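In: I would like to see how this sequence folds:
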Amino acid sequence: MASVFAHAVVGAALWPYFRTERLPRRAWVAGALLAAVPDVDVLGFGFGIAYGDPLGHRGLTHSLLFAAFLGAVAALALTGRAGHRSVERGRLWAYLALATASHGVLDAMTTGGSESPSSPRSTTAATSSPGARSPSRRSGCARS
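Out: Below you'll find the predicted structure:
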(Lines give C-alpha, C1' and ligand atoms only; values in the text may rest on other atoms or scores of the structure.)
Protein backbone atom coordinates (compact mmCIF):
# COMPACT_ATOMS: atom_id res chain seq x y z
CA MET A 1 0.00 0.00 0.00
CA ALA A 2 1.32 3.47 -0.84
CA SER A 3 2.24 5.47 2.24
CA VAL A 4 1.01 8.94 3.09
CA PHE A 5 4.50 10.18 2.23
CA ALA A 6 4.40 8.63 -1.25
CA HIS A 7 1.07 10.31 -1.93
CA ALA A 8 2.43 13.66 -0.74
CA VAL A 9 5.58 13.37 -2.85
CA VAL A 10 3.56 12.71 -6.01
CA GLY A 11 1.26 15.64 -5.25
CA ALA A 12 4.20 17.99 -4.73
CA ALA A 13 6.07 16.65 -7.77
CA LEU A 14 3.26 17.79 -10.09
CA TRP A 15 3.66 21.45 -9.08
CA PRO A 16 6.46 22.42 -11.56
CA TYR A 17 4.10 21.65 -14.45
CA PHE A 18 1.55 24.19 -13.21
CA ARG A 19 3.66 26.84 -11.44
CA THR A 20 3.53 30.46 -12.61
CA GLU A 21 4.90 33.65 -11.10
CA ARG A 22 1.44 34.89 -10.10
CA LEU A 23 0.32 31.80 -8.20
CA PRO A 24 1.12 31.34 -4.51
CA ARG A 25 4.70 30.07 -4.14
CA ARG A 26 3.79 27.46 -1.57
CA ALA A 27 0.87 25.95 -3.46
CA TRP A 28 2.97 22.78 -3.76
CA VAL A 29 2.45 22.29 -0.01
CA ALA A 30 -1.31 22.30 -0.58
CA GLY A 31 -0.86 19.82 -3.42
CA ALA A 32 1.14 17.51 -1.18
CA LEU A 33 -1.48 17.71 1.58
CA LEU A 34 -4.43 17.25 -0.78
CA ALA A 35 -2.80 14.19 -2.33
CA ALA A 36 -2.92 12.52 1.11
CA VAL A 37 -6.42 13.72 2.11
CA PRO A 38 -8.44 10.89 0.47
CA ASP A 39 -7.26 8.50 3.18
CA VAL A 40 -9.27 10.38 5.82
CA ASP A 41 -11.96 7.86 4.95
CA VAL A 42 -10.26 5.35 7.25
CA LEU A 43 -11.69 7.37 10.15
CA GLY A 44 -15.05 5.92 9.17
CA PHE A 45 -14.00 2.50 10.45
CA GLY A 46 -14.32 3.89 13.98
CA PHE A 47 -17.91 4.92 13.22
CA GLY A 48 -18.91 1.51 11.88
CA ILE A 49 -18.57 2.35 8.17
CA ALA A 50 -17.53 -0.83 6.39
CA TYR A 51 -14.61 -1.02 3.97
CA GLY A 52 -16.84 -1.55 0.91
CA ASP A 53 -19.43 1.14 1.70
CA PRO A 54 -19.61 4.24 -0.53
CA LEU A 55 -18.17 6.26 2.36
CA GLY A 56 -15.72 3.46 3.25
CA HIS A 57 -12.08 3.22 2.27
CA ARG A 58 -11.54 3.94 -1.41
CA GLY A 59 -15.09 5.20 -1.71
CA LEU A 60 -16.23 8.78 -2.21
CA THR A 61 -12.99 10.42 -1.07
CA HIS A 62 -11.06 8.52 -3.74
CA SER A 63 -13.33 9.65 -6.59
CA LEU A 64 -12.59 12.15 -9.35
CA LEU A 65 -15.64 14.16 -8.27
CA PHE A 66 -14.15 14.54 -4.78
CA ALA A 67 -10.78 15.52 -6.29
CA ALA A 68 -12.39 18.20 -8.46
CA PHE A 69 -14.44 19.57 -5.56
CA LEU A 70 -11.54 19.62 -3.09
CA GLY A 71 -9.26 21.19 -5.69
CA ALA A 72 -11.79 23.98 -6.30
CA VAL A 73 -12.26 24.71 -2.60
CA ALA A 74 -8.50 24.76 -2.00
CA ALA A 75 -7.84 26.95 -5.08
CA LEU A 76 -10.39 29.51 -3.87
CA ALA A 77 -8.92 29.43 -0.38
CA LEU A 78 -5.37 29.96 -1.68
CA THR A 79 -6.15 32.74 -4.15
CA GLY A 80 -8.80 34.67 -2.27
CA ARG A 81 -11.04 37.07 -4.13
CA ALA A 82 -8.63 39.68 -5.37
CA GLY A 83 -5.46 39.67 -7.41
CA HIS A 84 -5.89 36.48 -9.41
CA ARG A 85 -7.39 36.10 -12.84
CA SER A 86 -9.75 33.23 -13.51
CA VAL A 87 -7.15 31.63 -15.79
CA GLU A 88 -4.65 31.50 -12.91
CA ARG A 89 -7.26 30.21 -10.52
CA GLY A 90 -8.22 27.55 -13.08
CA ARG A 91 -4.59 26.52 -13.43
CA LEU A 92 -4.28 26.22 -9.66
CA TRP A 93 -7.53 24.24 -9.51
CA ALA A 94 -6.23 21.85 -12.19
CA TYR A 95 -3.04 21.28 -10.21
CA LEU A 96 -4.80 20.73 -6.90
CA ALA A 97 -7.47 18.48 -8.41
CA LEU A 98 -4.83 16.42 -10.21
CA ALA A 99 -2.74 16.17 -7.05
CA THR A 100 -5.79 14.87 -5.16
CA ALA A 101 -6.71 12.48 -7.99
CA SER A 102 -3.16 11.11 -8.04
CA HIS A 103 -4.01 9.37 -4.79
CA GLY A 104 -6.40 7.04 -6.58
CA VAL A 105 -3.83 6.31 -9.28
CA LEU A 106 -1.27 5.18 -6.71
CA ASP A 107 -3.88 3.21 -4.79
CA ALA A 108 -4.93 1.42 -7.98
CA MET A 109 -1.47 -0.15 -8.00
CA THR A 110 -1.99 -1.80 -4.61
CA THR A 111 -4.23 -4.46 -3.05
CA GLY A 112 -6.17 -1.93 -1.01
CA GLY A 113 -4.86 -2.64 2.44
CA SER A 114 -7.80 -4.73 3.62
CA GLU A 115 -6.32 -8.11 2.80
CA SER A 116 -2.91 -9.67 2.44
CA PRO A 117 -1.65 -10.02 -1.14
CA SER A 118 -2.19 -13.79 -0.92
CA SER A 119 -5.86 -13.66 0.05
CA PRO A 120 -8.34 -14.99 -2.54
CA ARG A 121 -10.26 -11.71 -2.77
CA SER A 122 -7.23 -9.55 -3.52
CA THR A 123 -5.73 -12.09 -5.96
CA THR A 124 -8.97 -12.41 -7.90
CA ALA A 125 -9.47 -8.64 -7.96
CA ALA A 126 -5.93 -8.04 -9.17
CA THR A 127 -5.83 -10.75 -11.84
CA SER A 128 -9.28 -10.91 -13.38
CA SER A 129 -11.77 -8.62 -14.98
CA PRO A 130 -14.99 -7.64 -13.18
CA GLY A 131 -17.52 -10.43 -13.27
CA ALA A 132 -14.97 -13.12 -14.09
CA ARG A 133 -15.15 -16.38 -12.26
CA SER A 134 -12.51 -17.47 -9.80
CA PRO A 135 -10.15 -20.27 -10.96
CA SER A 136 -11.85 -22.82 -8.68
CA ARG A 137 -15.25 -22.15 -10.26
CA ARG A 138 -13.91 -22.35 -13.81
CA SER A 139 -12.54 -25.83 -13.22
CA GLY A 140 -15.82 -27.03 -11.79
CA CYS A 141 -14.46 -27.55 -8.28
CA ALA A 142 -16.90 -26.83 -5.50
CA ARG A 143 -15.82 -24.76 -2.53
CA SER A 144 -16.01 -26.44 0.81
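
In: Next secondary structure element downstream of the helix or strand harbouring Leu65?
Out: Assessed by DSSP states H and E, Leu65 sits inside helix 64-79. Under the assignment DSSP H and E, the closest C-terminal helix or strand after helix 64-79 is helix 86-107.

In: Report the distance from that next one to the chain centre.
Out: How far helix 86-107 lies from its chain's middle: 11 Å, per CA atoms, centre = their mean, to the nearest Å.

In: same thing with stretch 2-9?
Out: Distance of stretch 2-9 from its chain centroid, counting by CA atoms, centre = their mean, is 11 Å.

In: who's in contact with that stretch?
Out: Contacts to stretch 2-9, defined as CB atoms under 8 Å, 6 or more residues apart in numbering, come from residues Ala32, Leu33, Ala35, Ala36, Asp39, Ser102, His103, Leu106, Asp107, Met109, Thr110. The C-beta positions use only the backbone N, C-alpha and C, and glycine is treated the same way.

In: With stretch 30-46 instead?
Out: Contacts for stretch 30-46 (CB under 8 Å, 6+ apart): 4, 7-12, 14-15, 49, 51, 53, 55-62, 66-67, 70-71, 74, 78, 95-96, 99-100, 102-104, 107.

In: cool, and stretch 91-109?
Out: Here stretch 91-109 makes contact (CB under 8 Å, 6+ apart) with 1-2, 6-7, 10-12, 14-15, 17-18, 20, 23-24, 27, 30-32, 34-39, 58, 62-64, 66-68, 70-72, 74-75, 78-79, 84.

In: can you count the residues close to the nearest residue to Val10 once chain neighbours are set aside?
Out: Leaving aside its sequence neighbours, Val10 sits nearest to Ser102 (CB to CB, 6 or more residues apart in numbering; 4.8 Å). A count of neighbours around Ser102, defined by other CB atoms under 10 Å, yields 22.

In: what about the nearest residue in space to Asp53 that is not next to it in sequence, neighbour count?
Out: Distances taken as CB to CB, 6+ apart place Gly59 nearest to Asp53, at 6.2 Å, with adjacent residues excluded. Gly59 has 18 neighbouring residues, counting by other CB under 10 Å.
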